[in-house]
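Student: Build me a model:
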Amino acid sequence: MSWFQLHEPLLPDVIAQHGKWQGERIALIEGERRLTWCEFARDTARVANGLGELGLSSQDRVAVLMDNSLEMAVLLFGTLRSGCVVVPLNVSISDAAVAAMIEDSGARAVFASGRHCARIDELRPRFEAVSRVVCVGLDYAGPRWIDFHDLLAAQPQTLDRHIDPEHVCNIIYSSGTTGVPKGIVHTHRCRMNWAFDLALALRYQSDCVTLCSLGLFSNITWVAMLTTILVGGTMVVMAAFDAVAAVELIERERITHGTFVPVQLERLLAVSGLDRFRLDSLDTIMCCGSLLPLAVKQAVPRRFGCDLIELYGLTEGLCTILSPEDFARKVESVGKPFLGTDVRIIGDDDQEVPRDAIGEVVGLSRLLMAGYHGRDEASAEATWTDSLGRRWLRTGDLGRLDDEGFLYIVDRKKDMILSGGQNIFPADIEVLIREHPDVDDVAVVSARSRKWGETPVAVVVPKPGSELTKQMLIDWTNARVGKQQRISDVIWRASLPRNPNGKILKRELRQELAGFIY
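Tutor: Numbering: from 1, shown residues only. Presented below is the predicted three-dimensional model:
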C-alpha cells in the first residue's frame, strides 16, 4: 500500500473533476439549451442531494420513464453520483411492462415526464409496487407528484460522496416484456471500464461532440454518453430521431461522433440533397444493434467522409469491433475483440470448436454484467466456465471465427428480434396472442422492415371454424403490446413446423419470410 491513500476514480468522480478543472467547456446540449461542465456537475449534485431529501439512500433503485431531454441526462448521472441505482425504462413498452419492471427492480422512486406521468397515474390503483413509489414529474402537474425543477432548486450545489466500486450502478432491462422482466446489472467499476475501453476502441477524444439520437434509456446511447463523459467532451441530445433534423444538427453543432443503429444510417443516407450539408466535422461514428447491411456499411464512409466502426455487442457486456482499417477485406465480419476482451466459439457439447466451425459465441471481458437482477438461474444459464474456472458470457448467437480471428455472426440462437435498435422477445407476444379465443397456435418471427430493420410477424394456426380475419388479430394484438412489439402481419397456416421433440422450427418460418419486406 502506498503512503498515500489509493483512489479508484469512477464516473461520479470524473463528472466532479470536469466541473472543477474545465468548468466553462460545454458538457450537454439539447436544442438551444446548453450546460457547461460546471453547471452539469452542479445540477447532478442537486439531483443526488434531492434523492437524499426524498429519503433515498445508497443502492436504492430509481426508475426513470422519460422522453429524451437535458433534464433526463442530468437525472441519470445525478443518480449515479448519489450512490442510488438508476433504472432507465424504455418509453415504448406497455404499461404492464412498466409496472413489472418497477416491481422487479424494487424501485423506491420514479421520475417521469409529461405523458408518462399520466401512465404512472393510471397504473397506481392497479399495481401495489407503483402505488408505493415516490413520484417526481417533469412538465406535469398532478396530485402526488413532486415537481422536478422545484426539487432541484431547493438543493445544495455541492456534493462530497464516496461510491463503492462494487456497488450497483444501473439496471437496464433487455426488452419490454409482458412476462417476467430481466434486468442487466452493472457495477460502478464495470461502467468505468465501459467508458475507458470503448473510448479507446471508438476513438473518442476530449474535443468530441457526440450525437445521442436514440433513447437515453438505451445501452447504445449509454456507450455514447459514458465515453464522452470520460474524455470531457460534449453530449448533444436529440429529443427524437429524425434524419433531416439529425443532418442539420451535425452541421450546426459540428458533431464529431455518434452511435447509431442500421436503420438510422439508412435514413441518413436517403436524406434528399445530402451533399448540400457541411458534414466535414464527422470523425468516427459507430453502428450496432443488428447486422449492418453490406451496402450501407460501404456507403457511409464514402458519403459522410468519416470513419465507420461496426460494433457487435450485448448490454450484458461483450463487444467486438470492425475497425475502418479492416473494412475493405473483412467487410462481412463484425471484427475482433478489443483490448481486454476475448471471444471463443463452443459447440453443443460446450467444447471449443476449430476455426471456421459454427457454434455459440462466448465472451470474456471486464465489461461483463454482475448478473441478471434477482435471476440467479438466468445468470447461470448465461455462463460458460472454461478449464481455468473463468466465467464467460454465453451470447446465444451462432458465429464462427476465421483464420485471422475475425468474427462472423451466422444466426441468432435465441429468437430475439432487433427492431429499430430495440430488443423484442417473440415469446412475450406469443403468450398474448395465445390468449385470443380463436387462436390455436402461434409463432412470432422476424421479417425485414424498411423502417425498423426487422419487425415481428405472427404465424398463426386459427381454431377450426374461426371467422377471425388477419386485420382483426393485428388490431387486437397491437392494442395490447408495447409500441416496439407491434406485429406487422399475420400469416395463416394449418400447422407449424416442429422437430421430433415438439419445438417449433422458427428458422424454417424465417426462411419463408426472407423474400418479404414490410
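Student: Least confident secondary structure element in the chain?
Tutor: strand 422-424 (a mean of 75; mean pLDDT, DSSP states H and E).
Student: which other helices and strands contact that strand?
Tutor: Taking 3 or more C-beta pairs under 8 Å, 6 or more residues apart in numbering; DSSP states H and E as contact, the helices and strands that strand 422-424 lies on are strand 417-419. To be clear about C-beta, it is placed using only N, CA and C from the backbone, and glycine gets the same treatment.
Student: now the residue lying farthest from the centre of the chain: how far from Met416?
Tutor: Distance from the C-alpha centroid of the chain peaks at Gly465, with 43.1 Å (C-alpha atoms, centre = their mean). As for Gly465, its distance to Met416 is 35 Å (criterion: C-beta to C-beta, to the nearest Å).
Student: okay, and for this protein, where does confidence drop off?
Tutor: Judged by pLDDT under 70, the chain has its weakly predicted residues at 1-6, 175-181, 411-414, 499-503.
Student: how's it carved up into domains?
Tutor: 11-240, 340-412, 417-512 (automatic domain parsing).
Student: Can you say which of the ones you listed is packed in most?
Tutor: Scoring the domains of the chain by mean neighbour count under mean count of other C-beta atoms under 10 Å gives domain 11-240 as the most buried, with a mean of 20.
Student: Straight-line length of it, end to end?
Tutor: Its start and end residues considered, domain 11-240 measures 26 Å (C-alpha to C-alpha, to the nearest Å).
Student: what's the nearest residue to Gly453 once chain neighbours are set aside in contact with, if anything?
Tutor: With sequence-adjacent residues excluded and distances taken as C-beta to C-beta, 6 or more residues apart in numbering, Gly453 is closest to Val263, at 4.4 Å. Val263 makes contacts with 420-421, 449, 451-453, as judged by C-beta atoms under 8 Å, 6 or more residues apart in numbering.
Student: Any chance of a markdown table for these, columns distance to Thr158?
Tutor: Below are the contacts of Val263 laid out as a markdown table (distance: C-beta to C-beta, whole Å):
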| residue | distance to Thr158 |
| --- | --- |
| Gly420 | 40 |
| Gly421 | 37 |
| Ser449 | 49 |
| Lys451 | 47 |
| Trp452 | 45 |
| Gly453 | 45 |
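Student: just those now: which is nearest Met225?
Tutor: Of all those, Met225 sits closest to Gly421, with 15.3 Å by C-beta to C-beta.
Student: who's in contact with the nearest residue to that closest one once chain neighbours are set aside?
Tutor: Closest residue to Gly421 apart from its sequence neighbours, by C-beta to C-beta, 6+ apart: Val261 at 3.4 Å. The contact partners of Val261, by C-beta under 8 Å, 6+ apart, come to 214, 220, 287-290, 420-421, 453.
Student: ok, Ile58 - contacts?
Tutor: Not quite, residue 58 is Ser, not Ile. Per C-beta under 8 Å, 6+ apart, neighbours of Ser58: 82-84, 167.
Student: hang on, the earlier thing: within the helices and strands, which one has the residue nearest to Gly453?
Tutor: Using DSSP states H and E, Val263 falls within helix 262-269.
Student: and after that helix, which helix or strand comes next?
Tutor: Immediately after helix 262-269, counting by DSSP H and E, sits strand 284-287.
Student: Go ahead and measure how far the following helix or strand past that following strand is from the middle of the chain.
Tutor: Sequence order places helix 294-304 as the next helix or strand after strand 284-287, per DSSP H and E. Computed by C-alpha atoms, centre = their mean, to the nearest Å, the chain-centroid distance of helix 294-304 equals 24 Å.
Student: Mind listing residues that contact helix 294-304?
Tutor: 262, 265-266, 268-269, 274, 279, 282, 285, 287, 306-308, 310, 324, 327, 331-332.
Student: Take the longest helix along the chain, keep the C-alpha atoms, and write them as CSV.
Tutor: In the chain, assigned by DSSP state H, the helix with the most residues is helix 37-53. Taking Å, rounded to 0.1, in the frame of the first residue of the first chain, the C-alpha atoms of helix 37-53 are listed here in CSV:
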residue,chain,number,x,y,z
TRP,A,37,-19.3,21.1,-17.2
CYS,A,38,-19.5,23.4,-14.1
GLU,A,39,-23.3,23.5,-14.5
PHE,A,40,-23.6,19.8,-15.3
ALA,A,41,-21.6,19.0,-12.1
ARG,A,42,-23.7,21.4,-10.1
ASP,A,43,-27.1,20.0,-11.4
THR,A,44,-26.1,16.4,-11.0
ALA,A,45,-25.1,17.2,-7.4
ARG,A,46,-28.5,18.7,-6.9
VAL,A,47,-30.1,15.5,-8.2
ALA,A,48,-28.0,13.5,-5.7
ASN,A,49,-28.9,15.7,-2.8
GLY,A,50,-32.6,15.7,-3.9
LEU,A,51,-32.7,12.0,-3.8
GLY,A,52,-31.5,12.1,-0.2
GLU,A,53,-34.2,14.6,0.6
